[in-house]
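Participant: sequence and predicted structure, then a few things I'm wondering about:
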Amino acid sequence: DVKVTQSSRYLVKRTGEKVFLECVQDMDHENMFWYRQDPGLGLRLIYFSYDVKMKEKGDIPEGYSVSREKKERFSLILESASTNQTSMYLCASTGGHHSNQPQHFGDGTRLSIL
Amino acid sequence: AQSVTQPDIHITVSEGASLELRCNYSYGATPYLFWYVQSPGQGLQLLLKYFSGDTLVQGIKGFEAEFKRSQSSFNLRKPSVHWSDAAEYFCAVGAGAGNNRKLIWGLGTSLAVNP
């Protein structure tokens, strides 16, 4: 089975801090995605990556950046955390070059910015 | 542009009753369709997927879904709901290939199950 591991289940940080959320997958997948999930808003795509050192903006990239130095790892960075970034963050991965492959999700990181 | 609509934000059913969750999509070509389930505090788990062929697809946990091209729908069904089915359900459609290999998501339907 595909395993997608997010480094923290719960995280509490302060406004203005630089925050790193890590995601690792063990299936040699080309594609990795970061979403945030808020009540009533579903899953919103922040950034995604189709290859090492490659990144594409999703629907809500403002205030975030990403890093993909190795194929198995995709990091989400909050450059200067703000309270409106308090949310559930979900990482997903999938293989192949088409959207016909299901995405595999980690358990999520619930991030609180105080 | 592709889109997915889940018309029901919240549904409550009694345990043992049948369930149907609605999903409508907008997509110009043959869609790749998915249903996911999310238990509280967890990530999303794939229930089933449709690519082509038989329009009635079977998934895990006793769920099935039917693709109806004429209605642009992919509704999820279960004949008898269990209390453990209480969760959030998401429908998604594949957006394409190449640099557009992401999924387009519905906003989800929250399912509550009465004992």
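Facilitator: Everything's here; your move.
Participant: and the residue nearest the centre of chain A, how far from residue A:74?
Facilitator: Centroid-nearest residue in chain A, with Cα atoms, centre = their mean: residue A:34, separated by 2.7 Å. Distance of residue A:34 to residue A:74, given as Cβ to Cβ, to the nearest Å: 7 Å. In short, each C-beta sits where N, CA and C put it, glycine included.
Participant: show me the contacts for the closest residue to chain B within chain A.
Facilitator: With Cβ to the nearest Cβ, the shortest gap between chain A and chain B falls at residue A:99, namely 3.1 Å. Counting by Cβ atoms under 8 Å, 6 or more residues apart in numbering or on different chains, residue A:99 touches B:32, B:94-97, B:100-103.
Participant: phi, psi for it please.
Facilitator: phi -80, psi 20 (degrees, to the nearest 10).
Participant: give me the number of residues near the closest residue to it other than its chain neighbours?
Facilitator: Spatial nearest neighbour of residue A:99, excluding adjacent residues (Cβ to Cβ, 6 or more residues apart in numbering or on different chains): residue B:94 at 3.1 Å. Residue B:94 has 27 neighbouring residues, counting by other Cβ atoms under 10 Å in any protein chain shown.
Participant: do the same with residue B:71
Facilitator: Residues near residue B:71, counting by other Cβ under 10 Å: 10.
Participant: tell me how far it lies from chain A.
Facilitator: For residue B:71, the distance to chain A (Cβ to the nearest Cβ, to the nearest Å) stands at 22 Å.
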